[in-house]
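Novice: here are the coordinates; sequence isn't available:
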């Protein structure tokens, strides 16, 4: 570009000089006062002819200079120029070299800036991707209290659309004045270290009031001035729920353990003090101690099994299990209790393959627990049915235990599978720990990947059901 410009400048200079010189010369020759206008006309025509001739001569004399200049051999270009043009050529070539060096430096800087821009954009995209998958809410605010970046968790927690908030004022997005104040103080430099506090965020259109822990830190530039504030909000709701559940578990477990221990202790004290003089009284005390010991043993076993399943450390003996056989075994175990209460047991097993791939003892415990609850909460003379069938479409085996008992109130249906949960009005009807149904849920859903549920009408009985993925003997052997 610069060499083309130089060539054009030389050509213009040569043509202009030639035309000017020719015009002046002819004006002097034909410039008599009596014929000034013919002289001017003739001078102009002659100047044009002489100027064109001069330009042609000059261009030919500088052709070698232009050729060398275009081939980038600047030193050779100066040497190839006519002697009278060499000073000007040296000046032009020097300017050309300086302009070329500056152009190259500019292009190098342009490439460097482009690389830095791409690196910065990639870094921003990575930061946004990291923030997007974080469970904690993150806000980045500039010194003008404008939102620079926010993830979806922040939008959900604070009640705004995180995808369209860049550049908006923090005051229009965040309603909590305490959070805004902490961020503003951090940007003003009032807090030099990371600040931590607990807040109770007000309820929004999409969420209730939330307790959270906020940590705000300051990002500073090279001169130590605050350039941005980063706020991380951690929702404490789930942690507090877990802490409350742990507290309730300890309280309920202590209560369930204390009841059989207190009964056993009272019987033992009366035996030691000699208050049981006759054999019948002693036999009664022994029977109470044995019953409470078995109850305590079941409670401890259930608690341990639930804990092992939740921790994923329980040993599972998977094999091809026929649920028809398990139902028959469970019915034989429950039959004496049902006979004492005048209840009728009935089995409806479809004439299809009822094999599943699972743990025999665990699945038998599920059926026994469901039958035991049906017997306890069904009045004398009631009916208890076990129905088993296969669902080829869902590839699972469906088992239901149906009774004509008391039924479960609608408010208690959703919580009936929780640990230690029992219907308040039924605690005097039958003894229990409130762990049996919770253990059933863990065995069916966690261990075997099935489902368990309840359908009940108060005063009309209940129907507990569960499903286990279908399996065959061949499939079990292949899995082994």
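Specialist: Arrived safely. For clarity, every value in this text was computed on a predicted model and none was experimentally measured.
Novice: going forward, measure contacts between C-alpha atoms and count neighbours the same way
Specialist: Noted.
Novice: Residue 463 against residue 403, yeah?
Specialist: Yes: with contact defined as Cα atoms under 8 Å, residue 463 reaches residue 403; the gap is 6.6 Å.
Novice: The two: who's more crowded?
Specialist: Neighbour totals were compared for residue 463 and residue 403, and residue 403 leads with 27 against 21 (other Cα atoms under 10 Å).
Novice: For the more buried one, which non-adjacent residue is spatially closest?
Specialist: Computed as Cα to Cα, 6 or more residues apart in numbering, the closest residue to residue 403 that is not its neighbour in sequence is residue 384, at 4.5 Å.
Novice: Which elements pack onto the helix or strand encompassing the one you found?
Specialist: Per DSSP states H and E, residue 384 falls inside strand 383-391. On a contact count with 3 or more Cα pairs under 8 Å, 6 or more residues apart in numbering; DSSP states H and E, strand 383-391 meets strand 344-349, helix 360-376, strand 396-403.
Novice: can you give me how far it is from the chain middle?
Specialist: 42 Å (Cα atoms, centre = their mean, to the nearest Å).
Novice: Also stretch 301-313?
Specialist: Taking Cα atoms, centre = their mean, one finds the center of stretch 301-313 at 29 Å from the center of the full chain.
Novice: buried stuff in it?
Specialist: Neighbour counts over stretch 301-313 (16 or more other Cα atoms under 10 Å) mark 302-303, 305-306, 309 as buried.
Novice: Redo those as JSON lines? Include pLDDT, secondary structure and distance to residue 254.
Specialist: Converted to JSON lines, the buried residues of stretch 301-313 look like this (pLDDT from 0 to 100; DSSP: H, G, I helix; E, B strand; the rest coil; distance: Cα to Cα, whole Å):
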{"residue": "302", "pLDDT": "79", "secondary structure": "helix", "distance to residue 254": "14"}
{"residue": "303", "pLDDT": "82", "secondary structure": "helix", "distance to residue 254": "12"}
{"residue": "305", "pLDDT": "83", "secondary structure": "helix", "distance to residue 254": "17"}
{"residue": "306", "pLDDT": "82", "secondary structure": "helix", "distance to residue 254": "16"}
{"residue": "309", "pLDDT": "85", "secondary structure": "helix", "distance to residue 254": "21"}
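Novice: separation between residue 116 and residue 178?
Specialist: Taking Cα to Cα, to the nearest Å as the measure, residue 116 and residue 178 are separated by 38 Å.
Novice: can I see the domain layout of this protein?
Specialist: Listed domain ranges for the chain are 2-101, 134-235, 240-310, 315-479 (source: automatic domain parsing).
Novice: Please name whichever of the ones you listed is nearest to residue 127.
Specialist: Shortest distance between residue 127 and those, using Cα to Cα, is found for domain 134-235: 9.6 Å.
Novice: Between the two ends of that closest one, what distance do you get?
Specialist: Using Cα to Cα, the distance between the terminal residues of domain 134-235 is 12 Å.
Novice: what do you get for stretch 305-325?
Specialist: Stretch 305-325 has an end-to-end distance of 23 Å (Cα to Cα).
Novice: And it, how far out from the chain middle?
Specialist: Mean-position distance between stretch 305-325 and its chain equals 32 Å (Cα atoms, centre = their mean).
Novice: heads up, I number from 51, so please use that
Specialist: From this message on, residue numbering opens at 51, which makes the last subject stretch 355-375.
Novice: got any ranges where the stretch 201-350 of the chain has weak pLDDT?
Specialist: Residues of the stretch 201-350 of the chain meeting the criterion pLDDT under 70: 240-242, 253-258.
Novice: redo that, cut-off 90
Specialist: 201-279, 281, 283-350 (pLDDT under 90).
Novice: what are the ranges of the strands in it?
Specialist: 245-251, 260-270, 276-285 (DSSP state E, counting those that start in this stretch).
Novice: Relative to residue 380, which of those strands is closest?
Specialist: Nearest to residue 380, of the strands of the stretch 201-350 of the chain and by Cα to Cα, is strand 276-285 at 46.2 Å.
Novice: what does that closest one rub up against?
Specialist: The contact list for strand 276-285, computed with Cα atoms under 8 Å, 6 or more residues apart in numbering, reads 186-193, 204, 233, 236-239, 260-271.
Novice: For these, I'd like a selection string for ChimeraX - just the buried members, please.
Specialist: In ChimeraX, this line selects whichever of these come out buried by 16+ other Cα under 10 Å:
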select :186,187,188,189,190,191,192,193,204,233,236,237,260,261,262,263,264,265,266,267,268
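Novice: coming back round to it: as CSV, the strands of the stretch 201-350 of the chain with distance to residue 328 would be great.
Specialist: Converted to CSV, the strands of the stretch 201-350 of the chain look like this (distance: least, Cα to Cα, whole Å):
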stretch, distance to residue 328
strand 245-251, 66
strand 260-270, 63
strand 276-285, 64
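Novice: Show me the one of those strands that comes nearest residue 213.
Specialist: Residue 213 lies closest, by Cα to Cα, to one member of the strands of the stretch 201-350 of the chain: strand 276-285, at 17.6 Å.
Novice: Tell me how far that closest one lies from the chain's centre.
Specialist: The answer for strand 276-285 is 19 Å, by Cα atoms, centre = their mean.
Novice: Taking strand 245-251 as reference, get the angle to that strand.
Specialist: Strand 276-285 runs at 50 degrees relative to strand 245-251, counting by axes from the mean of the first three to the mean of the last three Cα atoms, to 10 degrees.
Novice: Distance to residue 172 added to the domains of the chain, as CSV?
Specialist: Below are these laid out as CSV (distance: least, Cα to Cα, whole Å):
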stretch, distance to residue 172
domain 52-151, 32
domain 184-285, 15
domain 290-360, 38
domain 365-529, 42
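Novice: Determine which of those approaches residue 159 most closely.
Specialist: Proximity to residue 159 (Cα to Cα) singles out domain 52-151 among the domains of the chain, at 12.3 Å.
Novice: I am finished for the moment; much appreciated.
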